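Chemist: just need the structure, nothing else, for what follows:
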Amino acid sequence: MIFTWQNIMRTIFLVSIGSITVGDQLSTLFPNNWKVIESLAEEHPYIVALLNANQQYVCTGITINKRTVLTSGHCVDPPPHFIAVATAVIIGGEGAMRNLIEVAATVLHNEYTFDVKQTEPNITRVHSNIALVFAVRPVLMHFMTPAEIANHYATELRDTRMTVVGYGELYTGTIVLQRQAYNQTPCSNPKWYYCVCGLEDSVDILGTYEKEFGEGAPVLLDKKVVAIAATPSGSMIEPKGDVKYNIFTVIGPYLSWIDKSQTVTNLKLHALINSSDTHKEVLIKYILILLVITILINTDDNLCKINN
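Modeler: Residues are numbered from 1 along each chain as shown. Below you'll find the predicted structure:
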C-alpha cells in the first residue's frame, strides 16, 4: 500500500469515528450517564420513590393504580411518609422535592417475615415480603400510567433473564434511577418462600450501578413486572462464589391479596375522608352561627348606644 497524505488522513478519520462510536456505546453502560438515567425514567414512568418524614429516600416502589404503590414489605417498617413521582433524580432534604404525595396508609401482608442474622448480613427466612402504600388522594394516574404486572409463579421464571430498575445513590451522593440484569438461579435457602433468585449478568462487566440500590424495586421480564426486589442490588454475594446475588418476591401468588387489600383499604380511606369532610362542614356551620350571633350582639349594642 502506498502511504499518501490522502490515505493517512482517511485512516485517521475512520479511527476517530470508530473511537467515538465505541466511546458512546461504552458510556451508556455507566450508571452516571444522564442519558441512561433519563431514558430509564421515560421507559418506566410507574416507578416511584418512597421517602421518610424528612423527605429522604427510603425505598423504591411501583404504582399499580390511581392510589396504590406496590413495594417490599421491608420498606414499610417503619412506614414511609411521602411518594415521589415523575422524577429520575431524588434530591434529599425537607422541602427539596417537588411532585410529592403524602402517604395515607400502608398495608403489610399478615404473613410477612423477614429474618436476618445479627452477626452477619445473612437473610435466614423470607415470607410474604410484600406491601401496599396508599396515597392520601387518588391522583397517581395524573403523573403516570400504572405498571403492567404479569401473573407468573417462581417455577415459570426458571432460566430467565430479568432486570431490576430502581433508585440508588451515586458516588456523588445523588440518588438516581439505575438498573441491573440478573440470570435466574436456584435460591440457596428453602425458607425464602414464593421467591426467585438471580445472579448478576456477567455481560454488564463495567457495572450498571455504583452503590447498592433498588430495595422494593420492580423486577422486569419482557417489560412486565414479575417480582419485587427483596434486598438492594449489590448487597448480597452468592454463597458458593463471588458473584453478586439477589432475592425477588414473585408477585403472582399475591395478586388476589393485592386486589382484596386495595378494595378494603380504599373503602376505609373513603369513609375516613368523608367523615373528615363532614366534621369540617359542621365546624364551618358552627363558626358561621357564632359569627352571625356576634354580629347581632354588636348590632344590638350599637342600637342601645344610639337610643341612649
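Chemist: hey, let's count contacts and neighbours off CA atoms from now on
Modeler: Noted.
Chemist: what comes up buried for stretch 80-94?
Modeler: Neighbour counts over stretch 80-94 (16 or more other C-alpha atoms under 10 Å) mark 80-92 as buried.
Chemist: wait, I meant stretch 245-264
Modeler: 245-252, 254, 258, 261-262.
Chemist: avg pLDDT for that stretch?
Modeler: For stretch 245-264, mean pLDDT rounds to 96.
Chemist: dump the buried residues of stretch 245-264 to JSON lines, plus distance to Arg158 and secondary structure.
Modeler: Formatted as JSON lines, the buried residues of stretch 245-264 follow (distance: C-alpha to C-alpha, whole Å; DSSP: H, G, I helix; E, B strand; the rest coil):
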{"residue": "Tyr245", "distance to Arg158": "15", "secondary structure": "strand"}
{"residue": "Asn246", "distance to Arg158": "15", "secondary structure": "strand"}
{"residue": "Ile247", "distance to Arg158": "14", "secondary structure": "strand"}
{"residue": "Phe248", "distance to Arg158": "13", "secondary structure": "strand"}
{"residue": "Thr249", "distance to Arg158": "14", "secondary structure": "strand"}
{"residue": "Val250", "distance to Arg158": "12", "secondary structure": "strand"}
{"residue": "Ile251", "distance to Arg158": "15", "secondary structure": "coil"}
{"residue": "Gly252", "distance to Arg158": "14", "secondary structure": "helix"}
{"residue": "Tyr254", "distance to Arg158": "19", "secondary structure": "helix"}
{"residue": "Ile258", "distance to Arg158": "24", "secondary structure": "helix"}
{"residue": "Ser261", "distance to Arg158": "29", "secondary structure": "helix"}
{"residue": "Gln262", "distance to Arg158": "30", "secondary structure": "helix"}
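Chemist: can you put those in TSV and add distance to Lys66?
Modeler: What follows is the buried residues of stretch 245-264, written out as TSV (distance: C-alpha to C-alpha, whole Å):
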residue	distance to Lys66
Tyr245	33
Asn246	30
Ile247	28
Phe248	25
Thr249	23
Val250	22
Ile251	19
Gly252	21
Tyr254	19
Ile258	14
Ser261	15
Gln262	11
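Chemist: quick one: the top strand by length along the chain to chain centroid distance?
Modeler: Secondary structure of the chain per DSSP state E: the longest strand is strand 175-185. Relative to the centre of its chain, strand 175-185 is centred 13 Å away, using C-alpha atoms, centre = their mean, to the nearest Å.
Chemist: would you mind putting the CA coordinates of that strand into CSV?
Modeler: Output of strand 175-185 as CSV, limited to C-alpha atoms (Å, rounded to 0.1, in the frame of the first residue of the first chain):
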residue,chain,number,x,y,z
ILE,A,175,-29.9,9.4,44.1
VAL,A,176,-31.0,8.4,40.6
LEU,A,177,-32.7,5.6,38.7
GLN,A,178,-30.3,2.6,38.0
ARG,A,179,-30.6,-0.9,36.6
GLN,A,180,-29.1,-4.3,36.7
ALA,A,181,-29.7,-7.5,34.8
TYR,A,182,-29.9,-10.9,36.5
ASN,A,183,-29.9,-14.5,35.3
GLN,A,184,-32.3,-16.7,37.3
THR,A,185,-30.6,-19.2,39.6
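Chemist: pLDDT on that strand, on average?
Modeler: 94.
Chemist: of the buried residues of stretch 245-264, closest to Leu272?
Modeler: Using C-alpha to C-alpha, Gln262 comes nearest to Leu272 of the buried residues of stretch 245-264, at 15.1 Å.
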